[in-house]
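>>> coords please:
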Amino acid sequence: MVPGEFDYFVDPGQRPVLHQRLVFDLPAGKPLYADARGYVAEPPVTENGRTRYAFEYRRERFARIESGSVGYTQYGDRLMVTTCADYARFAKAYRDATADPGADDPAVRALAQSLTQNDADDRAKAKTLYDWVRRNIRYAAMFIGQSPAVPHRVTEVLANRYGDCKDHVALYGALLAALGIRSEPALIGLGSVYALPSVPGYGAGAINHVITWLPGLNVYAARRRASSSASCRSPTWTGPRCWSIPACCRARPLLRRSRVRRACRSTSRSRGRRTSPTGSRMRAGARRSSG
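Next up is the predicted model:
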């Protein structure tokens with residue numbers, strides 16, 4: 001997570017569990033907050049300045065998952081524990097930890113100004129910088145939570161020419177700031193789970209991705225592979241527009257996925273019914289020969 005805080009996310013993954021017991025041992029002055037579904041919490045035990053929190057889990061059978069359904073952690077068993085009491089504190093901890101004094105480096109300012117010298121307004125400049133980062137900084141995919149939550153220094157990302165989502169957001173934000181364009185990192189969940197746990201934290205069914213929010217332009221910008229086809233259509237949006245956000249990003253107040261899902265299922269069914277005329281004739285010929 002970030003320095004000074006702790007979180008842990010687990011789901012059984014629909015594997016039979018005869019008995020699982022998770023114990024978290026923290027300083028007595030550092031309370032642990034939990035959102036448990038299927039996991040049973042034991043009363044905390046405090047002694048010698050430490051508090052132990054324990055959770056037990058048992059499940060031998062799981063119901064069969066419907067094809068095309070939302071992610072299991074949307075409705076199934078899972079445990080999220082954290083030392084952050086709420087999302088406001090979680091956001092502040094992330095913001096404080098990601099502050100980078102080197103983001104105002106002269107090389108960053110010079111690059112931003114040279115790339116946008118022919119752009120007429122902030123929207124065009126932001127788009128130019130977004131395209132440059134997308135095409136020139138190689139994306140090394142690492143989910144937040146599987147890697148440290150704090151990005152590398154902007155000057156390091158620029159020199160190395162690669163980084164994960166939080167590194168891209170940090171560099172893009174520094175380039176925007178060099179031109180006086182405000183931006184903020186937006187922590188989201190990437191995947192087919194559309195409700196965050198009641199307590200904040202990182203994990204496959206929780207927060208695991210970060211994109212950029214540009215409030216002055218009313219735009220979200222997210223890293224997508226430079227090789228992505230230009231013909232790839234974006235989902236339907238009901239809120240602020242987005243230049244390039246992965247179709248599987250969760251942003252429930254903004255994104256309507258039902259239409260996309262229905263279209264995908266319809267396409268899959270139609271492809272499944274499609275039969276080659278040549279293949280039909282060959283099968284018919286084989287039946288006549290065998291008769």
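>>> State the distance from the nearest residue to A97 once chain neighbours are set aside to H168.
Computed as CB to CB, 6 or more residues apart in numbering, the closest residue to A97 that is not its neighbour in sequence is V2, at 4.0 Å. C-beta coordinates here come from the backbone N, C-alpha and C atoms, glycine included. From V2 across to H168, the span is 18 Å (CB to CB, to the nearest Å).
>>> Low-confidence stretches in the stretch 101-250 of the chain?
In the predicted model of the stretch 101-250 of the chain, residues 141-148, 223-250 satisfy pLDDT under 70.
>>> A120: neighbour count?
Other residues lying near A120 total 8 when counted by other CB atoms under 10 Å.
>>> still on that earlier bit, is it fair to say the residue nearest to A97 lies in a helix?
No. Counting by DSSP: H, G, I helix; E, B strand; the rest coil, V2 is located in no helix; its state is coil.
>>> pLDDT at D86, what is it?
Looking at D86, its pLDDT reads 93.
>>> now swap in the one 10 residues further on and tell me
D96 carries a pLDDT value of 89.
>>> In terms of neighbours, single out the busier of V2 and H168.
Between V2 and H168, counting by other CB under 10 Å, H168 is the more crowded of the two (26 against 19).
>>> Starting from A222, give me the distance back to the more buried one.
In terms of CB to CB, H168 sits 9 Å off from A222.
>>> Just to check, the residue nearest to A97 is in contact with R95?
No. Using CB atoms under 8 Å, V2 makes no contact with R95, being 9.5 Å away.
>>> Any buried residues in the host helix or strand of R95, and which?
Element membership for R95, per DSSP states H and E: helix 87-97. Applying a neighbour-count criterion of 16 or more other CB atoms under 10 Å, one finds F90, A91, A93, Y94, A97 buried in helix 87-97.
>>> And stretch 192-209, by the same measure?
192-193, 196-197, 199-209.
>>> Kindly report the same for stretch 118-133.
D122, K125, A126, K127, T128, L129, Y130, W132, V133.
>>> Tell me the one of the residues you listed nearest P12?
Lowest distance from P12 to the buried residues of stretch 118-133 (CB to CB) belongs to V133, with 38.2 Å.
>>> ok, and the closest non-adjacent residue to that closest one?
Y172 (5.0 Å).
>>> Quick check: the gap between T116 and K127.
9 Å.
>>> just to revisit the earlier point, okay if I get the buried residues of helix 87-97 as JSON lines plus distance to L217?
Below are those laid out as JSON lines (distance: CB to CB, whole Å):
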{"residue": "F90", "distance to L217": "26"}
{"residue": "A91", "distance to L217": "21"}
{"residue": "A93", "distance to L217": "27"}
{"residue": "Y94", "distance to L217": "22"}
{"residue": "A97", "distance to L217": "26"}
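>>> which one among the residues you listed gets closest to V40?
Nearest to V40 among these, with distances taken as CB to CB, is F90, at 25.1 Å.
>>> ok, the closest residue to that closest one other than its chain neighbours to A99 distance?
Excluding the flanking residues, the one nearest F90 by CB to CB, 6+ apart is P200, at 3.6 Å. For P200, the distance to A99 (CB to CB) stands at 19 Å.
>>> For the stretch 151-291 of the chain, just list every one of the strands.
162-163, 184-190, 209-214, 219-221, 236-237, 241-242, 249-250, 255-256 (DSSP state E, counting those that start in this stretch).
>>> Check which helices and strands the helix or strand containing Y53 sits against.
Element membership for Y53, per DSSP H and E: strand 50-59. Strand 50-59 sits against strand 17-27, strand 33-37, strand 40-41, strand 45-47, strand 78-82, with contacts defined as 3 or more CB pairs under 8 Å, 6 or more residues apart in numbering; DSSP states H and E.
>>> so which of these gets nearest R64?
strand 17-27 (17.3 Å).
>>> and that closest one, what does it pack onto?
Against strand 17-27 (3+ CB pairs under 8 Å, 6+ apart) you get strand 7-10, strand 50-59.
>>> From one end of stretch 17-36 to the other, what's the distance?
Stretch 17-36 has its terminal residues 16 Å apart, counting by CA to CA, to the nearest Å.
>>> likewise stretch 4-11?
24 Å.
>>> any idea how far A206 lies from A93?
A206 is 15 Å from A93, by CB to CB.
>>> same question but for Y220, I mixed them up
22 Å.
>>> swap in K30?
For K30 relative to A93 (CB to CB), the value is 13 Å.
>>> now do T155
23 Å.
>>> next one: Q14
For Q14, the distance to A93 - CB to CB - is 32 Å.
>>> what's the answer for T83, then?
T83 is 9 Å from A93, by CB to CB.
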